[in-house]
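Chemist: Need coordinates for the below:
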Amino acid sequence: MTESASSIEGSIKVGVITDQTGALSFMGVANANVARMVIDDINANGGLLGRQIDLFLEDSETIDSVAEAKAAKLVQQDQVDVIFGGIFSSTRQAIKGPAVVDSKKLYIYPEQYEGQECDPLIFCTGPVPAQQLEPLIPWLMQQTGAKKFYLPSNDYIWPHIMNKKVRELAAANGGEIVGEEYFPLDHNDYVETIEKITASGAEVVFNTIVPPGLTPFLVGLYNSGFTQRGGHVVCTYFDENFLNLVPATHVEGLYGCLDYYQEVDDPFSRDLLNRYNEHYPGDAQFTAGSACTGLYRGIRLWEAAVREAGSLNQQDVIDALDHAKIDAGPGGPAEMVPGQHHVRMNMYIAQARNGKFHVIKNLGIIEPKECSQGID
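Modeler: So this is what the prediction gives:
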């Protein structure tokens, strides 16, 4: 559908694809809210290049084939100037086909992910393994003394690459992987896996299971007594939206590492959260693991690039976006690393306690260390 009071002649067209229904709807609805809020802010302040922005907001239904079809619609029928969106990495790949490969359209992907996306037309505005795992895993091992990791996973690109990085980091710090399993996205029976975790002597469960299987896995893991025996659960995408999925006791002590948590209280982050909550009260919260921060950051960086370029000429916008920066954003300032199409930003280690995430270490600005364009 088109999110606009009226189609404005000569307007700038922004396409956003997000999972407003289906298994990730609690994340996708929040992303849709962020897109509306930021575009409304830009329009209320005179628009961009003297023109209003029309938001074309599409529901990918947490189905990759739907995301692919919506991307084709946005570029072929609606003729948008830029596309944002996608949560699952498989959804990014689905959008990439019609948007980037076929139509050569600028695409900005907002979710924390496995890294290694290296396309001249794609910019990524969420954290990557160098920003999440490289600081978190050695810190966790040092703080807890844990050495044995179990890796329950869904079977797609993000878990495979994240687990490879965990293996490297664990080995480099004297640890080992005692189990690693992969399951289809719709798998929800983890009884056997939890028995294997118990038998393995694992001290850390590094989880890359995602909804809908996430809830039964967490319930089963808790009921097995894993954390009560002193085990540690790590989930780098887990945020305040996910805390609603299970009772607080089931994820007590869970560790994560993201670019923002709601406890981060610099003035800009606090005001942004308050404004979001006023506009969109309810369960779809403004969080980092759900891609809200990356989407906010992405739209603002794109806006800065368009202003610098002085036009919507795509190559000029890309050239400006390559070094775009924002002085304030959720969690702090952010800027593109020239040549990498990824963002350097503040990162935080947090732990779930009593149903809330508490920041236990501000890591400061962390580099993404992603590939340089044109260099393998």
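
Chemist: quick one: buried residues of the helix or strand encompassing residue 177?
Modeler: Assigning secondary structure by DSSP states H and E places residue 177 in strand 176-183. Judged by neighbour count using 16 or more other C-beta atoms under 10 Å, the buried positions of strand 176-183 are 177-183. To be clear about C-beta, it is placed using only N, CA and C from the backbone, and glycine gets the same treatment.

Chemist: wait, which of those is closest to residue 153?
Modeler: Of all these, residue 153 sits closest to residue 182, with 4.9 Å by C-beta to C-beta.

Chemist: Leaving out the residues flanking it, which one is nearest to the closest one?
Modeler: Excluding the flanking residues, the one nearest residue 182 by C-beta to C-beta, 6 or more residues apart in numbering is residue 155, at 3.9 Å.

Chemist: and the one you found, how many neighbours does it have?
Modeler: Other residues near residue 155 number 13, with proximity taken as other C-beta atoms under 10 Å.

Chemist: Can we start the residue count at 831 from this point?
Modeler: With 831 as the first residue, the last one maps to residue 985.

Chemist: Show me how this structure divides into domains.
Modeler: Under the assignment automatic domain parsing, the domains of the chain span 832-957+1095-1174, 959-1088.

Chemist: so what's the residue nearest to residue 943 when sequence neighbours are not counted up against?
Modeler: Distances taken as C-beta to C-beta, 6+ apart place residue 919 nearest to residue 943, at 5.3 Å, with adjacent residues excluded. Taking C-beta atoms under 8 Å, 6 or more residues apart in numbering, we find residue 919 in contact with 941, 943-944, 986-988.

Chemist: Which of those are buried? Put it as a PyMOL command.
Modeler: Listed next is the PyMOL selection for buried residues among the contacts of residue 919, using 16+ other C-beta under 10 Å:
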select buried, resi 941+943+944+986+988
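
Chemist: just the contacts of residue 919 now: which is nearest residue 966?
Modeler: The closest of those, once distances to residue 966 are taken by C-beta to C-beta, is residue 944, at 14.7 Å.

Chemist: As JSON lines, the domains of the chain with distance to residue 1186 would be great.
Modeler: Formatted as JSON lines, the domains of the chain follow (distance: least, C-beta to C-beta, whole Å):
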{"stretch": "domain 832-957+1095-1174", "distance to residue 1186": "12"}
{"stretch": "domain 959-1088", "distance to residue 1186": "7"}
